[in-house]
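Colleague: Have a look at this prediction, sequence included:
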Amino acid sequence: MALRCQDITIKHGRGNVLANFNLELSAGQIIALYGSTGSGKTSLLLLLAGLLKPSVGEVFVEDINVLKDPRRARLQTGLGVIPEFNPLLSHLSVEENLTFQARALKLAYPKDHVCEMIQNFRLEKEAKRRVDRLPALKYTETGMAMALIGNPALVLLDEPEYHLTTEETVIIWKRLQTLKSLGKTVILTTRHQEVAAQCDQVVFMPSGKVVSRHELSWNSYSRA
Ligand SMILES: Nc1ncnc2c1ncn2[C@@H]1O[C@H](COP(=O)(O)OP(=O)(O)OP(=O)(O)O)[C@@H](O)[C@H]1O
């Protein structure tokens, strides 16, 4: 089991973003949280990352209770760039950001992990550049490197196609397939049907209804 959300209610202000929300997903898949603006996709990512507390409910990642054991859960969960909660420090370089993350996760041999990520994402030329001066693809890849540096089982990405060209989106998609082949679970948010349709499973937000790609019929489910 990659994750389980049990009877989750998230309140923002006076309203509920999610109410009595339940979700169970198995490991090793690419999963889309698909829904329109304001349907709670980012809130769910933050919840899974342990960065948002629900008013009610429990969250388990790899059988770790995220609310009761956030430190252990954090080692299993890598979060990419989220506009509302961006882990990238804009005035620091790629290398400095990765080093910061490696130290925050208390990884042994942080330099080795930083070098590995820079090599894997072919960020050698950009390593000393400030992240706010990177082209969009390299910025997204730096966010993915930040998410992956602790070798988590679950990788969370908020609209990874955002700001990217079609060709760049294909490059990111290949990277996601590689993560899947390594046994990782990838959860991404999207507002785009064509992105969701490429994923193994689609979670319709805010209902939490899960449909596998093979069962998907957009005509009947697009308003689920
Ligand atoms: N910190 C906050 N305080 C108050 N309301 C919030 C907060 N964060 C999110 N919301 C509200 O909660 C609802 C869900 O927001 P969320 O960002 O999770 O949706 P989303 O599906 O990711 O939307 P988008 O596709 O635009 O990113 C929205 O109505 C939003 O305005």
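Modeller: Now that the structure is in, tell me what you want to look at.
Colleague: Can you pull out the residues in contact with whichever strand or helix holds L176?
Modeller: L176 is part of helix 166-181 when elements are defined by DSSP states H and E. Applying C-beta atoms under 8 Å, 6 or more residues apart in numbering, the set of residues contacting helix 166-181 from outside is 28-30, 136-137, 140-141, 144, 148, 155, 157, 160-161, 164, 186, 188, 195, 198, 200. Where C-beta positions appear, they are placed from N, C-alpha and C, glycine not excepted.
Colleague: Same check on stretch 126-135?
Modeller: 88-95, 97, 118, 138-139, 142.
Colleague: tell me the secondary structure for the residue most central in space within the chain?
Modeller: Nearest to the geometric centre of the chain sits L156, at 1.2 Å (C-alpha atoms, centre = their mean). When classified by DSSP: H, G, I helix; E, B strand; the rest coil, L156 comes out as strand.
Colleague: That one and L92: what is the separation?
Modeller: From L156 over to L92 the distance is 22 Å, taken as C-beta to C-beta, to the nearest Å.
Colleague: Can you show me the helices along this protein?
Modeller: Applying DSSP state H to the chain gives helices spanning 41-48, 70-76, 94-104, 110-120, 136-148, 166-181, 193-196, 218-221.
Colleague: Next, format the ones you listed as a markdown table and append mean neighbour count.
Modeller: Formatted as a markdown table, the helices of the chain follow (neighbours: other C-beta atoms under 10 Å):
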| stretch | mean neighbour count |
| --- | --- |
| helix 41-48 | 24 |
| helix 70-76 | 17 |
| helix 94-104 | 20 |
| helix 110-120 | 17 |
| helix 136-148 | 22 |
| helix 166-181 | 14 |
| helix 193-196 | 17 |
| helix 218-221 | 11 |
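Colleague: coming back round to it: tell me the angle the helix holding L176 makes with helix 110-120.
Modeller: Orientation of helix 166-181 against helix 110-120 (axes from the mean of the first three to the mean of the last three C-alpha atoms, to 10 degrees) gives an angle of 130 degrees.
Colleague: Quick one: mean pLDDT for helix 166-181?
Modeller: Averaging pLDDT along helix 166-181 yields 94.
Colleague: and stretch 96-113, how far out from the chain's middle?
Modeller: Centre-to-centre, stretch 96-113 and its host chain are 19 Å apart (C-alpha atoms, centre = their mean, to the nearest Å).
Colleague: measure it end to end?
Modeller: 12 Å (C-alpha to C-alpha, to the nearest Å).
Colleague: which outside residues touch it?
Modeller: For stretch 96-113, the external contacting residues (C-beta under 8 Å, 6+ apart) are 74-75, 87-89, 92, 114, 117-118, 131, 142, 145-146, 149-150.
Colleague: closest to the ligand among the residues you listed?
Modeller: Set against the ligand, the nearest of the contacts of stretch 96-113 by C-beta to the nearest ligand atom is P87 (16.5 Å).
Colleague: Give me the pLDDT value at that closest one.
Modeller: pLDDT recorded at P87 is 67.
Colleague: How about P152?
Modeller: The predicted local confidence for P152 is 92.
Colleague: Not counting its neighbours along the chain, what's nearest it?
Modeller: G78 (3.9 Å; C-beta to C-beta, 6 or more residues apart in numbering).
Colleague: Next, the contact list for the one you found, please.
Modeller: M146, A147, L148, I149, G150, P152, L154, V155, L156.
Colleague: any idea how far the helix holding L176 is from the chain center?
Modeller: Here helix 166-181 is found 14 Å from its chain centre; the criterion is C-alpha atoms, centre = their mean.
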